[in-house]
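Enquirer: got a sequence here, can you model it:
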Amino acid sequence: MGARTSTSTSASSSPSASTPASSISAISRASSSKKTPFPMSDIRVNLKDHYSSKVYTTSSKITGDVTITTKREVRFDSIQILLLGQTKTSFEGMGVPQEVSHVFLKMIMPVPESTYPIPRVLESGRTYTIPFNFVIPRQLTINACNHEVSDQLQEHHVLLPPSVGGWQRDDMAPKMAKVEYTVKARVLRDDGVSSKKIRIMEASEPIQVLPATPQQPPLDITDKDKLYRMSKTKILRRNLLSTKLGRLTAEAVQPSPAVLSPDGRRVMSHPMAHIKLTFEPDSPRTLPPTITSVSAKLTSHTYFSSGTISSFPNIGEWNLPYLLDRRGQFFSSVPLPAVTLAEQPAWTPTTSSPPITRRDSGYCSSSSDEAVTTSRSSRSSSESILKLPVSPSDRKREKQKKKRNSTDSTTLTPQPQTHTTTLQIPLSLPTDKKTFVPTFHSCLASRVYTVQLTMHTSTRGASNTVSLVVPLQIAVEGFTGEALCGCSCGSLRALPSFEEAEADAHLRPRVLQVPAEGLSCGDGGGARQGMASWMMAPGSVPPPVVPLGDNNNNNIWMQMQMAPVGEERPPEYGEPGYRRRID
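Expert: Numbering: from 1, shown residues only. So this is what the prediction gives:
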């Protein structure tokens, strides 16, 4: 690949560029008497193996050189080569647009003193070449985000944001929010009055950066998060005036992240959306609905602000009335490839349980003979009562009782079955049409994605639609534990040593247990002899060890061990041979 050169600017520009049109004729008449302006100097930034569509990622090397050619002698004090990353947001104000920029990355390439000519004067007609080498860092320093934000948000702010707004393909970003990476070269001269430096010449070359990003855990979405809709319940009807056929509930979980390749042109890990459908019919004869089609639409949400973003913009409310900072939100949607259902999902019926009724517990304080006698006497008395003549009032009361019993019996009939099924919807990103930058949160701008899942159902000829909106994270592969440990050794964080494990073992909680030997209680003869019987017998199994905190089991264990050898112990409650003792 050939090296790409950049445009340059110089301090000696033509005076007619800023001169009003009415004075052009006067300048042309006086041009013969004035001296011709100094020829413009040339400064270029040449990137090695660079082309317009090249994408740089984490740990990528940016090498090249800076060439300086002057048409006259130029005195200078220093040459500065830096890799600059900044976020720009703009808002249309009252007549004058407002633009805010934040420099989050500034890497300066040190230029050795031996490179500078002595004296420090750029000679006319001579070309000076200064090489440079940069490496895209894994994350920013703490000074990149020195605002008062939470620790969780600051972890996102110190990650490199991707380039926004300068891609060849549409990255679904507005003109009001940009993230730019450039390699700049400057020729500086010290101001004799103050400590400021004057830029004599400057050149820049933009690059596109797609840093590796980690996969974040699922969001904790609540009802206050208006951007998402994880569940929805809809009443199914044939038409507006007909009775309802049932209730369909759709619940979704956040899909796994979509992982892109380092250049962003391929999807390395395709996410899958899972939707649980629950159908509750009003009648046992109503069958579950038929899924006719499923569609998905991806929406990118770009948030930008004139001040520091102190909270996650996709969680809670974004535009609050009492904020002094100006905020904006831009969203763009793209349809995902159509989802084809090879076959209808299988519905699993589950019969709802009947209402809980009170029943006899089965316990009785009297003996079983007394209970049987009482039941027999009550039955005989009821039979004798039924043989008596019935008055009209009693007959009416008996009819009401039978009607009430029949009503109660209908409540015990099986309820309509509840049908459940699960849909698995693949999500394929059209990387051949759009540029998908990874999800990020910075001090002035953020980008998140949502997927709208729409399911079309049919029940008894009636069509219904259920839509959900779930979050989708887009990440770039290549993020490893090196970014977490803050080292560039090329390996993950080292595992803890055995000495550290032994030190941690002293802090682990202990569980006190019954001592296995040396137990003495009372005279202790029986206990010691009982312990020795199973300890010395070959092939015997020791009794189980029970924690001291369990008083009931501990008492049983103590009774078993303290029973004298040869003396038969009466069975306890729950053991074979136990009989109820009636005093």
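
Enquirer: got the domain boundaries for the chain?
Expert: Structural domains assigned to the chain are 8-13+38-209, 231-316+324-351+415-485, 506-569, following automatic domain parsing.

Enquirer: of the ones you listed, which is nearest residue 223?
Expert: domain 231-316+324-351+415-485 (10.3 Å; Cβ to Cβ). All C-beta spots, glycine's among them, are computed from the backbone N, C-alpha and C.

Enquirer: wait, residue 55 sits on residue 260?
Expert: No. Using Cβ atoms under 8 Å, residue 55 is not in contact with residue 260, being 10.5 Å away.

Enquirer: more neighbours: which of those two?
Expert: residue 260 (26 against 19; other Cβ atoms under 10 Å).

Enquirer: return the set of residues that bridge with the more buried one.
Expert: With DSSP bridges as the criterion, residue 260 is bridged to residue 267, residue 476.

Enquirer: for it, give me the pLDDT.
Expert: For residue 260, the pLDDT comes out at 95.

Enquirer: so it sits against residue 474, correct?
Expert: Yes. Counting by Cβ under 8 Å, residue 474 is a contact partner of residue 260 at 6.5 Å.

Enquirer: what touches both of the two?
Expert: 429, 436, 438 (Cβ atoms under 8 Å, 6 or more residues apart in numbering).

Enquirer: could I get these as a markdown table with distance to residue 203 and neighbour count?
Expert: As requested, the shared contacts of residue 260 and residue 474 are exported to a markdown table (distance: Cβ to Cβ, whole Å; neighbours: other Cβ atoms under 10 Å):
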| residue | distance to residue 203 | neighbour count |
| --- | --- | --- |
| 429 | 37 | 21 |
| 436 | 31 | 25 |
| 438 | 30 | 25 |
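
Enquirer: kindly indicate which of those residues lies nearest residue 194.
Expert: Nearest to residue 194 among the shared contacts of residue 260 and residue 474: residue 438, at 42.7 Å, using Cβ to Cβ.

Enquirer: touching, that closest one and residue 213? I think so.
Expert: Yes. Residue 438 lies in contact with residue 213 (Cβ under 8 Å); the separation is 4.5 Å.

Enquirer: the closest residue to residue 164 other than its chain neighbours sits in which helix or strand?
Expert: Spatial nearest neighbour of residue 164, excluding adjacent residues (Cβ to Cβ, 6 or more residues apart in numbering): residue 179 at 4.1 Å. Using DSSP states H and E, residue 179 sits in strand 177-190.

Enquirer: could you give the average pLDDT over the helix or strand that that strand is followed by?
Expert: Heading C-terminal from strand 177-190, the first helix or strand you meet, by DSSP H and E, is strand 197-209. Mean pLDDT, strand 197-209: 94.

Enquirer: ok, now which ones touch residue 156?
Expert: Neighbouring residues of residue 156 by Cβ under 8 Å, 6+ apart: 440-442.

Enquirer: at 10 Å instead, please
Expert: Neighbour list for residue 156: 145, 149-150, 213-214, 216, 309, 312, 439-443, 446 [criterion: Cβ atoms under 10 Å, 6 or more residues apart in numbering].

Enquirer: what is the neighbour count of residue 242?
Expert: Residue 242 has 10 neighbours, counted by other Cβ under 10 Å.

Enquirer: how close does it get to residue 462?
Expert: Relative to residue 462, residue 242 is positioned 8 Å away (criterion: Cβ to Cβ, to the nearest Å).

Enquirer: poorly predicted segments of the stretch 251-400 of the chain, please.
Expert: Low-confidence segments of the stretch 251-400 of the chain (pLDDT under 70): 351-393, 396.

Enquirer: who's residue 334 bridged to?
Expert: Under the criterion used (DSSP bridges), residue 334 bridges to residue 298.

Enquirer: got the contact list for it?
Expert: 170, 172, 297-300, 429-430, 433-434, 436.

Enquirer: re earlier: hey, what's in contact with both of residue 55 and residue 260?
Expert: Residues within reach of residue 55 and of residue 260 at once, by Cβ under 10 Å, 6+ apart, are 210, 435, 476.

Enquirer: just the shared contacts of residue 260 and residue 474: which are in helices?
Expert: Using DSSP state H, the subset of the shared contacts of residue 260 and residue 474 located in helices is empty.

Enquirer: can you tell me which of those comes closest to residue 422?
Expert: residue 429 (22.9 Å).

Enquirer: for the stretch 251-400 of the chain, which segments are assigned as helices?
Expert: Ranges of helices within the stretch 251-400 of the chain are 368-386, 392-411, based on DSSP state H, counting those that start in this stretch.

Enquirer: the stretch 101-250 of the chain too?
Expert: Per DSSP H, counting those that start in this stretch, the stretch 101-250 of the chain carries helices over the ranges 151-157.

Enquirer: where does the stretch 51-200 of the chain have low pLDDT?
Expert: Flagging of the stretch 51-200 of the chain using pLDDT under 70 yields the residue ranges 93-96.

Enquirer: picking that back up, most neighbours, which of the contacts of residue 334?
Expert: Counting neighbours by other Cβ under 10 Å, residue 436 comes out on top of the contacts of residue 334 with 25 neighbours.

Enquirer: does that residue touch residue 300 like I think?
Expert: Yes. The pair residue 436 and residue 300 passes the contact test of Cβ atoms under 10 Å, sitting 7.9 Å apart.

Enquirer: common neighbours of these two, please.
Expert: Common contacts of residue 436 and residue 300 (Cβ under 10 Å, 6+ apart): 171-172, 334, 447, 449, 474.

Enquirer: OK, contacts around residue 461?
Expert: Going by Cβ under 10 Å, 6+ apart, residue 461 touches 238-239.

Enquirer: cool, and residue 460?
Expert: Contacts of residue 460 (Cβ under 10 Å, 6+ apart): 236-238, 242, 245, 286-287, 289-290.

Enquirer: what's the ChimeraX syntax to select whichever of those are buried?
Expert: Of the contacts of residue 460, the buried ones can be selected in ChimeraX as follows, counting by 16 or more other Cβ atoms under 10 Å:
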select :236,237,245,286,289
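
Enquirer: out of the contacts of residue 460, which comes closest to residue 158?
Expert: Residue 158 has its nearest neighbour among the contacts of residue 460 in residue 289, at 48.6 Å by Cβ to Cβ.

Enquirer: what's the burial count for residue 64?
Expert: A count of nearby residues for residue 64, using other Cβ under 10 Å, gives 24.

Enquirer: for residue 227, which non-adjacent residue is closest in space?
Expert: Nearest-residue entry for residue 227: residue 314, 5.4 Å, with adjacent residues in sequence omitted and distances by Cβ to Cβ, 6+ apart.

Enquirer: still on that earlier bit, any chance of CSV for the contacts of residue 460, columns distance to residue 186?
Expert: Formatted as CSV, the contacts of residue 460 follow (distance: Cβ to Cβ, whole Å):
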residue, distance to residue 186
236, 68
237, 71
238, 74
242, 75
245, 73
286, 76
287, 74
289, 67
290, 68
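
Enquirer: report the two of the contacts of residue 460 separated the most.
Expert: Across the contacts of residue 460, the longest distance by Cβ to Cβ is 18.2 Å; it joins 242 and 290.

Enquirer: for residue 52, which three-state class applies?
Expert: Secondary structure, DSSP: H, G, I helix; E, B strand; the rest coil: residue 52 is coil.

Enquirer: hmm, residue 68 and residue 76 touching each other?
Expert: Yes. Proximity of residue 76 to residue 68 meets the contact threshold set by Cβ under 10 Å, at 9.4 Å.

Enquirer: so for those two, which residues contact both of them?
Expert: Contact criterion Cβ under 10 Å, 6+ apart; residues shared by residue 76 and residue 68: 122, 187, 201.
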